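Asker: Sequence first, predicted coordinates after that:
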Amino acid sequence: MEITLVRGDITKMNTEAIVNAANTSLLGGGGVDGAIHRAGGKQILEECIVIRNRQGGCKVGEAVITSGGNLPAKFVIHTVGPVWNNGTNNEEELLRDCYINSLELAIQHNIKTIAFPNISTGIYGFPKAKAAKIAIETVSAFKDKDKLENVFFICFDDENFNIYNELI
C-alpha cells in the first residue's frame, strides 16, 4: 500500500472511493460534507436517506457507503468524526475508528484506492496536528493494508498539507 499526499479538492479525486467527513444525520452539511453532496448530486443524498431510514443515521466513529453519484469516485464512504472536547470524550479513539471502519468498508467492497479528507479538523475543532498523526499512524498500521493499493490524504488547505507533509 502506498500513501500519497495531495493538496486539492477531494471531490475531484479519481479514486475508487473518497471518504466524506459526514455528520450523524448523513443529510449533508458544511465543509467537505457539503462539497461532496453538492458535487455528487441527489443520488448520494437519496442513498443516505435510505441508510438513515434503515439504521437511523451513522454514529460517531462508524462508516457507511453509497455510490459516488456524479463524482469521479465510484463510491463515497461516509464516516462521522468526533467533535473535539479537549480530549475528554474518547475523541482520539473515535477518530481512529473513523479510519479503521472506512478502510474495512473499502476492503469489503474490493476498493483498492481511497482518498481521505482531514476528518474532524474543521468545524469539529480536532487539533490538526493530532488528527494528522492519528490518521497516518492508523492507516499505516491497518491490518489489511496489503489489500489496498493507494491511500490518499487530501488536504484542502496549506496548513493541513504542511502538517501531513512533515509527518509523512
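Answerer: Arrived safely, thanks for sending.
Asker: what secondary structure does the spatially most central residue of the chain sit in?
Answerer: Note on the chain: the residue nearest the mean C-alpha position is residue 19, at 3.3 Å, using Cα atoms, centre = their mean. The three-state label given to residue 19 by DSSP: H, G, I helix; E, B strand; the rest coil is strand.
Asker: quick one: it from residue 86, how far?
Answerer: Look at residue 19 and residue 86: by Cβ to Cβ, to the nearest Å, they are 25 Å apart. Glycine gets a C-beta too; all of them are placed from N, C-alpha and C.
Asker: same thing with residue 98?
Answerer: For residue 98, the distance to residue 86 - Cβ to Cβ - is 19 Å.
Asker: For these two, work out which one has more neighbours and name it.
Answerer: When residue 98 and residue 86 are compared for neighbours, residue 98 comes out ahead with 28 against 8, by other Cβ atoms under 10 Å.
Asker: From residue 151, how far off is residue 140?
Answerer: Here residue 140 is placed at a distance of 9 Å from residue 151 (Cβ to Cβ).
Asker: what's the burial count for residue 20?
Answerer: For residue 20, the neighbour count with other Cβ under 10 Å is 33.
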